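[1] Just a sequence and a predicted model for now, questions to come.
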Amino acid sequence: MLDLLNTWFISPFEYGFMRRAVVGGLALSLAAPTLGVFLVLRGMSLIGDAMAHAILPGVALGFLLAGFSLPVMSIGGVLFGLMVALLAGAVSKMGGQREDAAMASFFIISLAGGVMLISIGGSSVDLTHVLFGSILAINSTALLLIAGISTLIVLTLAVVFRALVVECLDPLFLRGQSRRSGWVHSVFLGLLVLNLTAGFQTLGTLMAVGLMMLPATSARFWSKRLEGLIGIAIVLAMVASTGGLLLSFHLDIPSGPSIILLAGFGYLFSALFGRYHSLAAKLRRKTTPLAVEQG
């Protein structure tokens, strides 16, 4: 039994690339699901996916200028992501269009532009690396960047936590209390862009949003309190990132999809057996009155 545990859970981390990968995954798991919980509360779940594609042209430009230089690609992703967020906000204010509709439009343009840039300046292998990432290939520089961005996100969320909660639950109250309430939304979008930029190296621009949203949506089936949602989402993300890496190592399958699919399995399990709003919870509610009547 001990030999089996050692073979499956300890031996893989004797390799340096596995240690770097698990630390990077755990760092992302602290920041990404927390942002995902707030996206779910704000009814902006699909905005995360749109922003994940919005950073692609900036990442592609960084790649064309400096090759696979993570700092340059990250700076490009952050700048382009922030520009798309600002443009979407400006279009929604000027034209009366909903911000999510404007974001979706820019997301489609960004995705096409990013893929075109990478295709012109690179190969199919380069495109695959940017779109799907490679968590097993992160080096010390990438790890420091991911850990630094995650730390910055967590600290900033701690500072703006109360204002962010109020904006999620009662945005009209926040606007009535302060004329500068828009800064909360802007800071949140900035953190979202930073997190997705950190995640593209490990999971790629197409799947970085998965570690943000799947644990957050799964947590809704287990808790109704905000602190509970955040705590459960973080734990689920950590289990998915570590478990996905182990599955990838032992079964010789891609690491990024393994992580996201394991998080997806957690969502399906939660939807079936969770404490609230799940299939099992609905069945319990139906059988309880019946049991009372029979008693």
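    Arrived safely.
[2] Beyond the helix or strand of the chain with the lowest mean pLDDT, next helix or strand please.
    Here the helix or strand of the chain ranked lowest by mean pLDDT, DSSP states H and E is helix 171-177, holding a mean of 61. Later in the chain than helix 171-177, the nearest helix or strand by DSSP states H and E is helix 182-207.
[3] what does whichever helix or strand comes after that following helix contact?
    Of the helices and strands lying after helix 182-207 in sequence (DSSP H and E), the nearest is helix 210-219. Residues outside helix 210-219 that contact it (CB atoms under 8 Å, 6 or more residues apart in numbering): 28-29, 32-33, 35-37, 39-40, 45, 48-49, 195-196, 199, 203, 228-230, 232-234, 236-237, 240-241, 259-260, 263-264, 266-267, 269-271, 274. Every C-beta, even on glycine, is put in place using the N, C-alpha and C of the backbone.
[4] pLDDT weak spots in the stretch 1-150 of the chain?
    Residue ranges of the stretch 1-150 of the chain with pLDDT under 70: 1, 95-97, 99-100, 121-132.
[5] Please enumerate the helices of it.
    Along the stretch 1-150 of the chain, the segments classed as helices by DSSP state H, counting those that start in this stretch run 2-5, 16-41, 45-54, 56-66, 70-95, 99-121, 124-132, 140-169.
[6] ok so, going back, taking the contacts of helix 210-219, please make a ChimeraX selection of just the buried ones.
    Of the contacts of helix 210-219, the buried ones can be selected in ChimeraX as follows, counting by 16 or more other CB atoms under 10 Å:
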select :28,29,32,33,35,36,37,39,40,45,48,49,195,196,199,203,229,230,232,233,234,236,237,240,241,259,260,263,266,267,270,271,274
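[7] quick one: Leu268 and Ser258, what's the gap?
    16 Å (CB to CB, to the nearest Å).
[8] So between the two, which is more surrounded?
    When neighbours are counted by other CB atoms under 10 Å, Leu268 and Ser258 differ, and Ser258 comes out ahead with 21 against 11.
[9] residue contacts, the residue nearest to the more buried one when sequence neighbours are not counted?
    The shortest distance from Ser258 to any non-neighbouring residue, by CB to CB, 6 or more residues apart in numbering, is to Gly244 (4.0 Å). Residues counted as contacts of Gly244 (CB under 8 Å, 6+ apart) are 25, 255, 258-263.
[10] what do you get if the cut-off is 6 Å, keeping everything else the same?
    Applying CB atoms under 6 Å, 6 or more residues apart in numbering, one finds that Gly244 lies in contact with 258-259, 262.
[11] got it, and Ala271?
    By CB under 6 Å, 6+ apart, Ala271 lies in contact with Ser278.
[12] and it, how far is that from Leu191?
    From Ala271 over to Leu191 (counting by CB to CB), the distance is 28 Å.
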